[in-house]
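Asks: Return atomic coordinates for the entry below.
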Amino acid sequence: MKEPLQLSISSIQHIGIPVTSLVRSEAFYKRLGFTNVMQAHFMHEGDVGTCIMMKRGEIVIELYELPEKDREAIRNRKDGHIDHIAFGVPDIDAAFAVLKAGGFSIIEEAPVMLNFWQNGCKYFNITGPDGERLEFNQIL
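Replies: Numbering: from 1, shown residues only. The predicted structure follows:
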């Protein structure tokens, strides 16, 4: 077994869940005591989707709604709806360099900037041995 990398991971930052209705899902999580702390749009295959971050204490759940044409795939999933686990990192570029040098399968060519949160965030994903997606994310 290879030695663990010298990689700083501070927490599970959020768990991403694709939803078919943000209105319905936001209401559901509000009943569980979560609060909407961020909302932003993103591009998905040329169309606009919407993301919200629901928080309760230190728990953050990312709920995102794809454009209408892409929601059928979410409705038809049979194996659950958690899309990714995101790890918070203090330095996204350092994390990217460590994982790239370690030979991990990185999906993006470089960290991606999103206009989420107050000052944005940068992220990239790797795939695990069974295809699971692990996101590394730095809130700026």
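
Asks: all helices of the protein, in order?
Replies: Counting by DSSP state H, one finds helices in the chain at the ranges 22-31, 71-75, 92-101.

Asks: Could you pull out the buried residues of the worst-scoring helix or strand of the chain on mean pLDDT?
Replies: In the chain, no helix or strand scores lower on mean pLDDT, DSSP states H and E than helix 71-75, which sits at a mean of 72. Across helix 71-75, burial judged by 16 or more other Cβ atoms under 10 Å covers R71, I74. Heads up, the C-betas are built off the backbone N, CA and C, glycines and all.

Asks: cool, stretch 84-92 as well?
Replies: H84, A86, F87, G88, V89, I92.

Asks: same check, this time on stretch 37-52
Replies: So, applying 16+ other Cβ under 10 Å, buried residues of stretch 37-52: M38, A40, G49, C51, I52.

Asks: Contacts for it, please.
Replies: By Cβ atoms under 8 Å, 6 or more residues apart in numbering, the surrounding residues in contact with stretch 37-52 are 22, 26, 36, 53-55, 60, 62-67, 69-70, 114-117.

Asks: Now go through the residues you listed and say which are in strands.
Replies: N36, M53, M54, K55, V60, E62, L63, Y64, E65, L114 (DSSP state E).

Asks: partners of the first one in the sheet?
Replies: Listed beta-bridge partners, N36: M54 (assigned using DSSP bridges).
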